[in-house]
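Asks: Got a sequence here, can you model it:
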Amino acid sequence: MNQRSSLRRKDLLYPDLSYKIVGCAFDVHNSLGGGHHEKHYQRGLAEAFSHQGLVFQQQIGFPLHFKGKVIGKNVLDFLVEKKVVVEIKKGERFSKAHIDQVVSYLKSSKVPLALLINFASQGVMFRRIVNLKNS
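Replies: So this is what the prediction gives:
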């Protein structure tokens, strides 16, 4: 048994897929650096996902329902392997609004896991957010 597999937590959702996604984010930031528009990081991330052979959709919409009627839609930055929502931001910290947004995306999409990835000036930060309604 190698060291990585012996240290792997058994309770994490999609650890290998999450590792690949976060690795792609670091590759993008290492190549582009800080200070770019969010759309440029998104385009870079799409290229990195393709290079890693990940199946993903971009800007995918999920309807938002109220009392049986569609009243809007949530648009996800990425849905990777139909398992992980990836929402990207640019800045130096995560805000409560960013986390609330991702929780809302998980509820409407019924996807079990999201990665909120923040491209900061000095590097990449990320948060794993589990859909407690579907886990």
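
Asks: Secondary structure element holding the residue lying closest to Gly61 once chain neighbours are set aside?
Replies: Take Gly61 and drop its neighbours on the chain: the residue closest to it by CB to CB, 6 or more residues apart in numbering is Lys73, 4.2 Å away. Quick note: C-beta positions are derived from backbone N, CA and C, even for glycine. Secondary structure from DSSP states H and E places Lys73 in strand 69-80.

Asks: Okay, buried residues for that strand please.
Replies: Neighbour-count burial for strand 69-80 flags Asn74, Leu76, Asp77, Phe78, Leu79, Val80 (criterion: 16 or more other CB atoms under 10 Å).

Asks: Need the contact partners of the helix or strand just after that strand.
Replies: As assigned by DSSP H and E, the chain's next helix or strand after strand 69-80 is strand 84-90. Residues from elsewhere that reach strand 84-90 (CB atoms under 8 Å, 6 or more residues apart in numbering): 14, 17-18, 21, 25, 36-38, 41-42, 45, 56, 76-80, 98, 101-102, 105-106, 109, 111, 113-120.
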